[in-house]
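Engineer: kindly generate the corresponding structure for this input.
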Amino acid sequence: MEQRSDVGRQWLYDPCTDAGDPLGVVASVKVHNSIYASVRLLRPRECMGVSDFQFLPIHGVPGHDTRQFPGHREVFFYLKDLCDEFGIMDVVRLNTKVMCVAMASEVAGGNSSQVKWQVRSVRLDPDNGEEVAAQEEVFDAVIVANGHYSHPVAEPGTMVKGC
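Structural biologist: Numbering: from 1, shown residues only. Presented below is the predicted three-dimensional model:
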């Protein structure tokens, strides 16, 4: 479940991060996670790919960055291609925000010795981000990958209040 409209997390650039108040000190910024327009890799692309899908330069295709230390857009393209290559988008729900993850109470007809997880999520309207529909589901396992850039820090040592 991904609350944004596409995969890529911080590599899915949002121009609001380059606005005059990117941390939302004056007005709340609804960017959950995004790098800045000028960001380039600190490591060579050869160190960034996965073993089954190397992060190789794509020559001759407009918009692709063939440098050894490419910009953020090339990383985003790589992540999209990786999802396409391995069919990851078949199991991803975009515009879906996870509200709660908790151990599920005993599931009817299930094996009580196996831990299950109850996940409450809401579907978000892709145009305005408003909650459209809530859903509760039970899963055998949950991976939480919220990233450590989810909430901006306005001042050193000051945490922005979470949900």
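Engineer: for the protein, what spans make up the helices?
Structural biologist: Assigned by DSSP state H, the chain shows helices spanning 72-86.
Engineer: where does it dip in pLDDT?
Structural biologist: 17-33, 106-113, 147-163 (pLDDT under 70).
Engineer: ok, 50 please
Structural biologist: 158-163 (pLDDT under 50).
Engineer: could you pull out the strands for the chain?
Structural biologist: For the chain, the strands defined by DSSP state E cover 96-103, 117-124, 131-139.
Engineer: make CSV out of the ones you listed and add mean neighbour count and distance to R67.
Structural biologist: Bear in mind the C-beta positions are built from the backbone N, C-alpha and C, glycine included. CSV is the format used below for those (neighbours: other CB atoms under 10 Å; distance: least, CB to CB, whole Å):
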stretch, mean neighbour count, distance to R67
strand 96-103, 13, 34
strand 117-124, 17, 35
strand 131-139, 12, 41
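Engineer: adding distance to R4, write these out as TSV.
Structural biologist: Shown next, in TSV, are the strands of the chain (distance: least, CB to CB, whole Å):
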stretch	distance to R4
strand 96-103	9
strand 117-124	9
strand 131-139	15
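Engineer: so which of those strands is nearest C16?
Structural biologist: Nearest of the strands of the chain to C16, taken as CB to CB: strand 117-124 at 16.3 Å.
Engineer: residues contacting the closest one, please?
Structural biologist: Identification of contacts with strand 117-124 by CB atoms under 8 Å, 6 or more residues apart in numbering yields 1, 3, 93, 95-105, 130-142.
Engineer: rewinding a little: of the strands of the chain, which approaches E46 most closely?
Structural biologist: For E46, the closest of the strands of the chain is strand 96-103, at 33.7 Å, according to CB to CB.
Engineer: what is the orientation angle of the closest one with strand 117-124?
Structural biologist: Angle between the axes of strand 96-103 and strand 117-124 is 160 degrees (criterion: axes from the mean of the first three to the mean of the last three CA atoms, to 10 degrees).
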